[in-house]
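[1] I need the structure of the sequence given here:
(one chain, ligands or ions: 1)
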Amino acid sequence: MRPLAIIGGTGIDELEGLEVIRDHRVSTPFGDTSRPIQEGRFGNIPLYFLQRHGSPGAIPPHRINYRANVWALKSLGVDGIVAINSVGGISSAMRPGRLVIPDQVIDYTWGREHTFDEGEAGELMHIDFTEPYHRALRLELLAAADSGGVPHEASGVHGVTQGPRLETAAEIQRMARDGCDVVGMTGMPEAALSRELGVPYASVCMVVNPAAGLDDLPLTLATMREILAREAAVVRQLLSELLKNRQRA
Ligand code: HPA
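    Sure, this is the predicted structure:
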């Protein structure tokens, strides 16, 4: 089986436990990836890792070269992408510290390079995005969470905002009315670009704060990072279980 790729977000600068074998600097028609893609072994299982914010995490969500990142992973022949996103919690179950494996997306981003379709292929590229996440890969994640005893929410609507600022209270109320359970800034266009290239893609969201206006405390990066540090260990456990299950299959 070909290796999976992990795209890490805020708080996952390095994938602890990944024994790096080499770095791939893939040149793409869209420019450079956020940083070189690490190829390595995680518990002896081959894996690629890319941190979407670069190193040391300086690229803001609206400036990430999502096209280069996804294109490069496809060119390395990955079997699928598991994306890690940190998010704010909107619905009541989505408290800080919770892991969510979302099943739907609402895209509020704008002005990002969001497609590979530049009208040059001679045919239109209207991908089916009814289910934005790859069903089988999502089910594998859910099975890994179950077999590894990792507490999680098995579904949720991931609203993706433009950032880099956080939302207003009214924006979060509107997103709640729209049906969003969590809010992040990096889930799109990554998911759609992966679908355009036919790369299976699923996401694990770590809730790091109550979304704007849902709590009296101010939203600070410091408190988010504290929760992220704890959740990163749980995500690692989930990934390790996922990879073990795949190797057994
Ligand atoms: N809003 C948007 N993105 C986020 C948040 C949030 O509250 N928390 C972490 N990423």
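
[2] mind checking how far the longest helix along the chain is from the chain centre?
    For the chain, the helix with the greatest residue count under DSSP state H is helix 221-248. Here the centre of helix 221-248 is set off from its chain's centre by 12 Å, with CA atoms, centre = their mean, to the nearest Å.

[3] Give the rounded mean pLDDT of it.
    Rounded to a whole number, the mean pLDDT of helix 221-248 is 90.

[4] give me the residue from the protein nearest the ligand.
    Nearest residue of the chain to the ligand (CB to the nearest ligand atom) works out as G88 at 2.3 Å. Bear in mind the C-beta positions are built from the backbone N, C-alpha and C, glycine included.

[5] For the strand or helix carrying that residue, which helices and strands make contact with it?
    Secondary structure here is read from DSSP states H and E; on that basis G88 sits in strand 81-89. Counting contacts by 3 or more CB pairs under 8 Å, 6 or more residues apart in numbering; DSSP states H and E, strand 81-89 packs against strand 4-8, strand 182-184, helix 190-196, strand 201-210, helix 221-248.

[6] For the protein, which segments are assigned as strands?
    4-8, 18-24, 37-42, 45-51, 81-89, 99-100, 104-107, 157-160, 182-184, 201-210 (DSSP state E).

[7] Any idea which residue is closest to the centre of the protein?
    Centrality entry for the chain: nearest residue to the mean C-alpha point is A83, 2.9 Å, by CA atoms, centre = their mean.

[8] Please report how far it lies from E131.
    The span separating A83 from E131 equals 15 Å under the rule CB to CB, to the nearest Å.

[9] Same question for G31.
    When CB to CB is applied, the distance between G31 and E131 equals 30 Å.

[10] quick one on the thing from earlier: what angle sits between the strand holding G88 and helix 221-248?
    Compare the direction of strand 81-89 with that of helix 221-248 by axes from the mean of the first three to the mean of the last three CA atoms, to 10 degrees and you get 150 degrees.

[11] Quick check: residues of this protein near the ligand?
    Along the chain, the residues adjacent to the ligand under the rule CB under 6 Å from any ligand atom are S86, V87, G88, T161, L166, E167, V183, G184, M185, V208, N209, A211.

[12] which residues sit in contact with the first one?
    Under the criterion of CB atoms under 8 Å, 6 or more residues apart in numbering, the contact partners of S86 comprise G9, T10, G11, G184, C205, M206, V208, M224, L228.

[13] Repeat the analysis, applying 6 Å as the threshold.
    Contacts here follow CB atoms under 6 Å, 6 or more residues apart in numbering; on that basis S86 touches G9, T10, G11, M206, V208, L228.

[14] Over to the second one?
    Under the criterion of CB under 6 Å, 6+ apart, the neighbours of V87 are V182, V183, G184, C205, V207.
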